[in-house]
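Q: predicted structure and sequence below. I'll ask about it afterward.
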Amino acid sequence: MARTHKILDSPLGKLTLVVDDGSLSGLYFPGHWPKPDPSSFGARSDTGFELAERQLGAYFAGRLTHFSLPSSLTGDDFQKRVWALIGGIAYGQTRTYGELAEALGDPSLAREVGAAVGRNPLSVIVPCHRVVGKGGKLTGYAGGLERKRFLLDLEAPRSDCARLF
């Protein structure tokens with residue numbers, strides 16, 4: 001199976017989804033930083049994206065808190081370790097770069113953790129928006145801080161108590 005891509009409308013703008021041999025291997029925003037060369041995304045296609053589209057739609061509607069998609073992450077061993085930690089951050093929770101560095105066994109690795117977070121090829125799916133700076137400060141996000149804020153607000157705990165009049 002070949003590498004293909006699709007452009008999907010979302011509340012965050014047009015997302016580029018990339019599938020490689022049946023596994024989601026990329027999710028990129030307009031203006032994504034850093035964004036791979038679009039020529040590496042393969043041919044444009046409308047097939048092979050149905051599950052990702054369904055799950056993303058449910059996530060943006062507030063009905064899905066964890067993605068379960070066939071995916072493949074291309075990166076070095078350190079990046080994959082960081083991405084695995086990010087994948088373990090629960091919906092509605094955040095962790096700092098320093099906390100991730102500590103979880104890797106070396107608090108001095110916070111900058112390297114930040115670099116790995118910035119290279120995450122599966123934004124939203126591997127929820128790098130849940131990684132924040134010290135004290136909860138919003139810092140760098142490949143899709144821009146407005147999108148990061150949107151995603152964190154989407155996941156914010158809501159009160160189940162509603163007053164009906």
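A: In hand now; what should we look at?
Q: only C-alpha atoms for contact and neighbour calcs from this point on.
A: Fine.
Q: low pLDDT regions in this protein?
A: 1, 158-165 (pLDDT under 70).
Q: how's it carved up into domains?
A: 3-60, 77-155 (automatic domain parsing).
Q: quick one: terminal-to-terminal distance for the last one?
A: Translated: domain 77-155. 29 Å (C-alpha to C-alpha, to the nearest Å).
Q: distance from the chain centre to it, please.
A: Here the centre of domain 77-155 is set off from its chain's centre by 9 Å, with C-alpha atoms, centre = their mean, to the nearest Å.
Q: and the strands in this protein?
A: Here the chain has its strands, by DSSP state E, at 3-8, 15-20, 23-28, 43-44, 95-96, 131-132.
Q: how about TSV for those strands, with distance to V82 and mean neighbour count added?
A: Output for these, formatted as TSV (distance: least, C-alpha to C-alpha, whole Å; neighbours: other C-alpha atoms under 10 Å):
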stretch	distance to V82	mean neighbour count
strand 3-8	25	20
strand 15-20	21	22
strand 23-28	16	22
strand 43-44	30	12
strand 95-96	12	20
strand 131-132	11	24
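Q: closest one to T74 among those?
A: strand 23-28 (7.6 Å; C-alpha to C-alpha).
Q: send the alpha carbons of that closest one over as CSV?
A: Extracted in CSV, the C-alpha atoms of strand 23-28 (Å, rounded to 0.1, in the frame of the first residue of the first chain):
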residue,chain,number,x,y,z
SER,A,23,-1.4,3.5,9.4
LEU,A,24,-1.8,7.1,10.2
SER,A,25,1.7,8.6,10.1
GLY,A,26,1.0,12.3,10.0
LEU,A,27,-1.5,15.0,11.1
TYR,A,28,-0.5,18.5,10.2
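Q: could you check the angle it makes with strand 3-8?
A: Put simply, strand 23-28 runs at 50 degrees to strand 3-8, going by axes from the mean of the first three to the mean of the last three C-alpha atoms, to 10 degrees.
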